[in-house]
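Predicted model follows, preceded by the sequence.
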Amino acid sequence: MNHKKRHYTPYWPFLIVLIIITEIWTLFPIFWALITSFKTKAEIFTITPTIFFTPTFRNYIELFTELSFGRWMLNSFIVSSISAILATFSGAMAGYALSRFKFRGNISLANFILSLRILPPVASAVPIFILFNYLNLLDTYIALILVYTAFNLPLAIWMMMGFFGELLREFEEAAMIDGCNRFQAFIHVLLPLVRSGAIATFIICFMFAWNELLYAVFLTGSNTYTVTLALTRFVTIKRIDWGGLMAGGIMSVLPIYAVALFVQRYLVRGLTFGAIKT
Amino acid sequence: MKERYIIALLLTPSLFFLFSVILFPLAFSYYVSLTNFPLIEFRATSWVGLDNYIDVLTSPRFWYSMAFTGGFVTLAVTLEFLLGLGFALLFDREISGGRVLRSLMLMPMLMAPLVVSMIWKYLLHVDIGVVNYILRSFNLPAPSWFSTVPYAFFSVILIDVWQWTPFMFLILSAGLMSIPREPIEAALIDGATRYQVFRYITLPLLKPIIFIAIMLRAMDALKVFDILYITTRGGPGIATESLTYYIFNQALVRKSIGTSCATAVIAVFLLFSIFLVYLRFRPRS
C-alpha cells in the first residue's frame, strides 16, 4: 500500500521550508489563542504583544467559578449526544432500507433527503422559532435536540447507506436461513457489522451539533445556553474579555479534538456524504 | 407485500424528523411569505399575495446581498481550492512524521466557525491584534480590518479560507492517494516532466473529486453566517451582508417576517437548483 515516492531531489530543502510555512499558517492562530488564554488582562491589552510571560490559569478558573461554563458544556453535551444518537439510529434504519430494498423511488428519495442537508438553516430558523414558541419549546433541550437531529439526519442516512451497501448480502441471508426475521437480522447481525461506521457517524453528527451557532441563537435561553452561544456573550458592548474568550474557545474544541482522532479515517466520507470513500 | 411495511417502519423515524423540523417549517415559511405576518401574535395576519416577493426583488439591499454572497463564494472557494490543492501536492510524498503533520493541518476545520471567527477577530484587532502589530513594525498601514469598507470583505474571506482550506486539502489528498501509480511512473520513465505528469495525468484523474470538493464547499459557503455574526454583523453599513444575513436582519432587526420568509424561499430555490446541478453532474463511484 506504500506507493509514495521518496525522492531527494535538489528541491527537497525548498519543499521542507514550504511545509513549515504551511504548518505555521494553519497552526499559528490556534497557538496564539492558546497562549492568550494564559495571559492576564493587562498583558492582553498591550499594543506590543508579549511572548514571554508567566502563564496564569486565571482565565480558566474564572470560566468555572465566576461563570457557569461547566453547565454550558453540560448543556452542549446533552444536546449534541442525544441528537447524535437519534440521528445515527434513525439514519441506520433509513440507510438500511434505502440500500437493501429496491422500491419505487428509492433513489429519488435518497437524493431528496440529501438535498435537505444543502438547505440554509437560516431559511427555516424563523418559522421554527415561531412554531416552537407556540408549542412552548423555546429554551428547552427538546428544541435543540429536534433541530440538530433533523439537520444531521441526511448526513447520517447517507453515511449509513454507504456502510450497509458495502456489506455482503450473504450475511443477512445466512441469518435469515438460520431463523432470524429481518428485524432480528438487522439488530443482531448487520448492526454489529457496521459498528465502527456507526460510531464514526455518531461522532461526526456530534461535532456538527457541538459547533452549531445559529439555532442556539434562536432557540436557547438561560437554562439551555450551549457553549457556542455562551461564548458570544463574552462580547459586551464596551470591552471584550479576550482572555476568557480564548480560554473558553480552547475548552470548547478540546472534546472535539479528542474524538476527532478516532474518526479521521471516516472524515472524508462524512464530509462528502459518502461521495468519496477512502 | 410484507416488505412494504418493513420499509415504511424503517423510514418512519427519519421521515418524522425531516418532516416536522425541516419540511413543515419550510412550508410554513412559504405560507408566511404570502402574508404580512406579525412577529409573535398569531392574529391580524392578512393575505398579501406576492407583495413580499415584489418588495424583496425590487430592494437594492437584497441584490447587494446576492452580489456580496456571489463574490464571497467565488473568491473564498477559489482560494481554498488553489491552496488546498497546493498543500495536498506538497504533502503527497513520504515525510518523516507525515501522518502527524497531515493531522495537524485539519485542526482549523474541526473548530466551531464561531471560535475561529473569535480568534481572527482578536488577531486582526485594530489596536491589540498581532497582525497590525507586525504591519506597524514594518511601517505599513494598520487598518481597522472589520469596520472599513474594502478590508471587511477581505477579512471575512480570509477567515473562511483559513478554516476551510483544510477541507479541500483533506479531500484532494484522499483523491491523490487513490490515483493509480502505474501511469505516472510509466510517463516519468518515458521522459515526461513533473509538470506534464501533473497536467496530463494527475489533474484529469482528479477531476471528479475536484468537482465534488468544489461543489460541496460552494454550497456550504453560500450559507455563511457565523463569521459575519461574530465579526462584522453585516457591516460596515451593509457591506458584508450575505443572503443569509439579509434573511436574519429582515426578521430580527427590521421585524419584517414576511419579507424575511420570502427571501428564505428564494434562497431555498437558489440552493436547490445548484444542488440539482451537483446531482446531474456528480461522478458515480
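Ah, there it is.

give me phi/psi at B:Thr35?
Geometry field for B:Thr35 lists phi and psi as phi -130, psi 170, criterion degrees, to the nearest 10.

burial count for it?
Neighbourhood size, B:Thr35 [other CB atoms under 10 Å in any protein chain shown]: 17. (C-beta placed from N, C-alpha, C; glycine too.)

List the residues that contact the closest residue to it other than its chain neighbours.
Counting by CB to CB, 6 or more residues apart in numbering or on different chains, B:Thr45 is the residue found nearest to B:Thr35 once chain neighbours are left out, at 5.0 Å. B:Thr45 sits next to B:Thr35, B:Asn36, B:Phe37, B:Pro38 when contact means CB atoms under 8 Å, 6 or more residues apart in numbering or on different chains.

go on, A:Ala156?
A:Ala156 sits next to A:Ala87, A:Thr88, A:Ser90, A:Gly91, A:Ala92, A:Gly95, A:Thr201, A:Cys205 when contact means CB under 8 Å, 6+ apart.

ok, which pair from these is furthest apart?
Maximum pairwise distance in these, criterion CB to CB, is 13.0 Å, between A:Gly95 and A:Cys205.

which residues of chain A score low on pLDDT?
A:1-9, A:236-238, A:278 (pLDDT under 70).

show me where it has helices.
Taking DSSP state H as the criterion, chain A carries its helices at A:12-36, A:41-44, A:58-65, A:69-100, A:106-118, A:121-134, A:141-166, A:169-177, A:182-184, A:191-193, A:195-211, A:214-219, A:227-232, A:242-271.

How many residues are close by B:Gly97?
Per other CB under 10 Å, the neighbour tally for B:Gly97 reads 8.

How about B:Ile210?
B:Ile210 is flanked by 17 other residues according to other CB under 10 Å.

Packing partners of the helix or strand harbouring it?
Assigned by DSSP states H and E, B:Ile210 falls within helix B:203-221. Helix B:203-221 sits against helix B:60-91, helix B:149-178, helix B:257-281, with contacts defined as 3 or more CB pairs under 8 Å, 6 or more residues apart in numbering or on different chains; DSSP states H and E.

worst average pLDDT in the ones you listed?
Set side by side, these differ in mean pLDDT, and helix B:257-281 is lowest with a mean of 89.

Counting by contacts, list what that one packs against.
Secondary elements touching helix B:257-281 (3+ CB pairs under 8 Å, 6+ apart): helix A:106-118, helix A:121-134, helix B:24-33, helix B:51-57, helix B:203-221, helix B:243-252.

For the longest one, which residues meet the burial criterion?
Burial within helix B:203-221, assessed by neighbour count using 16 or more other CB atoms under 10 Å in any protein chain shown, is assigned to B:205-206, B:208-210, B:212-221.

how distant is whichever helix or strand comes after it from the center of its chain?
Following helix B:203-221 in sequence order, the next helix or strand is helix B:226-230 (DSSP H and E). With CA atoms, centre = their mean, to the nearest Å as the basis, helix B:226-230 stands 13 Å off its chain's centre.

Stretch A:215-229 too?
17 Å.

got the CA positions of it in PDB?
This file holds the C-alpha atoms of stretch A:215-229, laid out as PDB (Å, rounded to 0.1, in the frame of the first residue of the first chain):
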ATOM      1  CA  TYR A 215     -30.200  27.600  16.100                       C
ATOM      2  CA  ALA A 216     -28.600  28.200  19.500                       C
ATOM      3  CA  VAL A 217     -29.100  31.900  19.000                       C
ATOM      4  CA  PHE A 218     -32.800  31.400  18.100                       C
ATOM      5  CA  LEU A 219     -33.800  28.600  20.500                       C
ATOM      6  CA  THR A 220     -31.800  28.700  23.700                       C
ATOM      7  CA  GLY A 221     -32.300  30.800  26.900                       C
ATOM      8  CA  SER A 222     -30.600  31.000  30.200                       C
ATOM      9  CA  ASN A 223     -31.500  27.300  31.000                       C
ATOM     10  CA  THR A 224     -30.000  25.800  27.900                       C
ATOM     11  CA  TYR A 225     -27.100  28.000  26.700                       C
ATOM     12  CA  THR A 226     -24.800  25.900  24.700                       C
ATOM     13  CA  VAL A 227     -21.000  26.500  24.700                       C
ATOM     14  CA  THR A 228     -21.100  28.300  21.300                       C
ATOM     15  CA  LEU A 229     -23.900  30.600  22.400                       C
END
